[in-house]
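Engineer: What would the 3D arrangement of this be:
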Amino acid sequence: MSRRLVLLGAPGAGKGTQAVRLAESLGIPAISTGDLFRANIKGGTPLGLKVQEYTSRGALVPDSVTNDMVRDRLAQPDTADGFLLDGYPRNVAQVAELDAILGDAGAALDLAVELTADPEVVVPRLLKRAEIEGREDDTEDVIRHRLDVYAQETAPIASVYDGRGLLAQVDGIGEVDEVTVRLLAAIGTLDA
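Structural biologist: Alright, predicted model coming up:
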């Protein structure tokens, strides 16, 4: 059975960790836009050069470049049986673009899964990660700002998918294995 999935969640909700685990369990590739950016930059692709133009000066990569990169990645053979997108779509305009990309391929999204997490749990989690990884710029103010940006720009995506009957919300707080089991149950690969 094909699985075309989007994984949503605020910074610190555990998307990166869970995307890898879910993709492995489901036998589909986890596709992170951050990884796509880095791979294209490293490979010196035309899209990678465009990304580097923006990132080298600290600017956000425009939707058009991100959309092109996702379109290219979803056209690769390993996505025929499905995929898990982590970090895309990031806004409602990208939802429409993903619809177009899938529509051009005669496919549709199966499910958007949102990892929910209380900001008062996430902030200390991200501060701890910043300390471990030496991210000196990840202060509490910066983290709270990232959470606000997520709430304003990315969280509305959940409403779009909910309106289509394609949203499952899963509590992202708890042991990693417990959260994975909850996600797999929401996706329907385990008995709920």
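
Engineer: Tell me where the chain has helices.
Structural biologist: 15-26, 33-43, 46-55, 63-74, 92-104, 119-133, 140-149, 156-163, 176-187 (DSSP state H).

Engineer: Of all those, which one is nearest Leu8?
Structural biologist: helix 156-163 (5.8 Å; CB to CB). Backbone N, C-alpha and C define where each C-beta goes, glycine included.

Engineer: Just list the residues touching Ala93, thanks.
Structural biologist: Asp63 (CB atoms under 8 Å, 6 or more residues apart in numbering).

Engineer: Save the helices of the chain as a markdown table, and put in distance to Leu8 too.
Structural biologist: Formatted as a markdown table, these follow (distance: least, CB to CB, whole Å):
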| stretch | distance to Leu8 |
| --- | --- |
| helix 15-26 | 8 |
| helix 33-43 | 13 |
| helix 46-55 | 22 |
| helix 63-74 | 15 |
| helix 92-104 | 11 |
| helix 119-133 | 14 |
| helix 140-149 | 14 |
| helix 156-163 | 6 |
| helix 176-187 | 12 |
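
Engineer: Quick check: Ile187 touching Ala23?
Structural biologist: No - at 11.3 Å, Ile187 does not count as touching Ala23 under the criterion of CB atoms under 8 Å.

Engineer: Gly44: how many residues sit nearby?
Structural biologist: By the criterion of other CB atoms under 10 Å, Gly44 has 9 neighbours.

Engineer: Also Arg38?
Structural biologist: Using other CB under 10 Å, Arg38 has 14 neighbouring residues.

Engineer: Please report how far it lies from Met69.
Structural biologist: Between Arg38 and Met69 the computed distance is 11 Å (CB to CB, to the nearest Å).

Engineer: same check, this time on Leu26
Structural biologist: 22 Å.

Engineer: Compare neighbour counts for the two and give me the winner.
Structural biologist: Higher neighbour count among Leu26 and Met69: Met69, with 23 against 20, using other CB under 10 Å.
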